[in-house]
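Q: model the structure of this input:
(one chain, ligands or ions: 1)
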Amino acid sequence: MAIIINGKELAKKIRLYLKSEVDKLKNNGINPKLAVIMVGDDKASKVYVKNKSRACEEIGIEYEEFLMEENTSMDQLLNLIENLNNRKDIHGILLQSPVPEHLDINQAFKKIDYRKDVDGFNPINVGKLSIGEDCFISCTPFGVVKMLEEYNIEVQGKNVVIIGRSNIVGKPLIQCMLKKNGTVTVCHSKTKDIKEITSKADILIAALGKAKFVTQDMVKDGAVIIDVGINRNEEGKLVGDVDFENVEKKASYITPVPGGVGPMTIAMLMTNVVKAAKNMNIRK
Ligand code: NAP
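A: Numbers count the residues shown, from 1 in each chain. Here you go, the predicted structure:
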């Protein structure tokens, strides 16, 4: 039976630590503040935004929401970002995805001041991550790194297989795992014979968005399994990309869904906001 990596508990511990950091900042006259921009009316986004505002409240981070109409123009969005870039009281800016199709989200990410880019999507942060400089790391990969560290799971010299190559999860994970001296292989929808590759993984990270894609026969004995996926099964229940019940029997460590990577993502967003506030203070 595998050890369950408890993301919920770890996220709680991180939030507690951040609360004490925020208290210290406040004692020095700095009120960390996050601005969240949401364009349109996406139901799932509303839930995510609500969760982020709750986490801010718990830690003592100030929070301001900017809700824009579905028919917002690119200029209007860029103008808002410009205003937030210039506001001294705002330390972090987050643009909730998805945005309506007529908007270019990458152009918007580029516009966010990289020093306030707490999601780590601005190409400056993406580039800094790839050359190993201090930067904001995309919150989900950052959460995965933290989980491995917290459970003392060594990455150096290990075969790390990542399924998925999105800009927000898979690609930054490649850099994070390389930095830890893992030997990294990436699979995607055009990869042939995935099982052949995954069965050699010491650490397998599933981030593709297909319920129970990773089955027991795809996994090596004693592998560490990180499940990033969030899917709904036929009964509407949240499930990951891994067939947890069966894979757990073979793995050494495994993350559950829910209660694994999900809560860590928000905790790392909060970590990035606190870092942005500290950095801004140093720049003053
Ligand atoms: P995405 O942008 O849709 O990317 C999915 C990736 O998986 C793509 O690279 C795609 O390959 C690959 N893929 C799709 N089907 C595949 C298959 N059958 N075999 C191999 N690779 C396949 O998704 P994402 O935004 O990275 O999210 C991935 C999952 O993580 C989703 O379930 C999402 O809900 C979840 N997620 C969770 C958190 C969290 O906080 N826990 C945060 C973000 C995302 P191609 O590039 O070839 O198309």
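
Q: what's the burial count for Trp137?
A: Wrong residue type there; residue 137 is Ile, not Trp. For Ile137, the count of nearby residues is 24 (other C-beta atoms under 10 Å). The way it works is simple: take the backbone N, C-alpha and C, and place the C-beta from them, glycine included.

Q: check Asp193 too.
A: Neighbours around Asp193, by other C-beta under 10 Å: 9.

Q: mind checking if the strand or helix carrying Ser45 is in reach of the ligand?
A: Secondary structure from DSSP states H and E places Ser45 in helix 43-59. No - under the criterion of C-beta under 6 Å from any ligand atom, the ligand is not reached by helix 43-59; the shortest gap measures 8.9 Å.

Q: buried set for that helix?
A: Residues of helix 43-59 classed as buried by neighbour count (16 or more other C-beta atoms under 10 Å): Ser45, Tyr48, Val49, Lys52, Ser53, Ala55, Cys56, Ile59.

Q: tell me who's in contact with the residue most central in space within the chain.
A: What sits nearest the mean C-alpha location of the chain, by C-alpha atoms, centre = their mean, is Thr140, with 1.8 Å. Contact analysis of Thr140 by C-beta atoms under 8 Å, 6 or more residues apart in numbering lists Ile168, Val169, Ala207, Val228, Val261, Met264, Thr265, Met268.

Q: try Cys187
A: Val161, Ile162, Ile163, Gly164, Ile194, Ile197, Thr198.

Q: which one of these is nearest Lys33?
A: Gly164 (32.3 Å; C-beta to C-beta).

Q: the closest one and Leu208 touch, don't they?
A: Yes - judged on C-beta atoms under 8 Å, Gly164 makes contact with Leu208 at a distance of 4.4 Å.

Q: endpoints of stretch 221-228, how far apart?
A: 20 Å (C-alpha to C-alpha, to the nearest Å).

Q: where is the longest helix in the protein?
A: helix 261-283 (DSSP state H).

Q: which elements pack onto that helix?
A: Helices and strands touching helix 261-283, by 3 or more C-beta pairs under 8 Å, 6 or more residues apart in numbering; DSSP states H and E, are helix 7-27, strand 33-39, helix 43-59, strand 92-95, helix 139-150.
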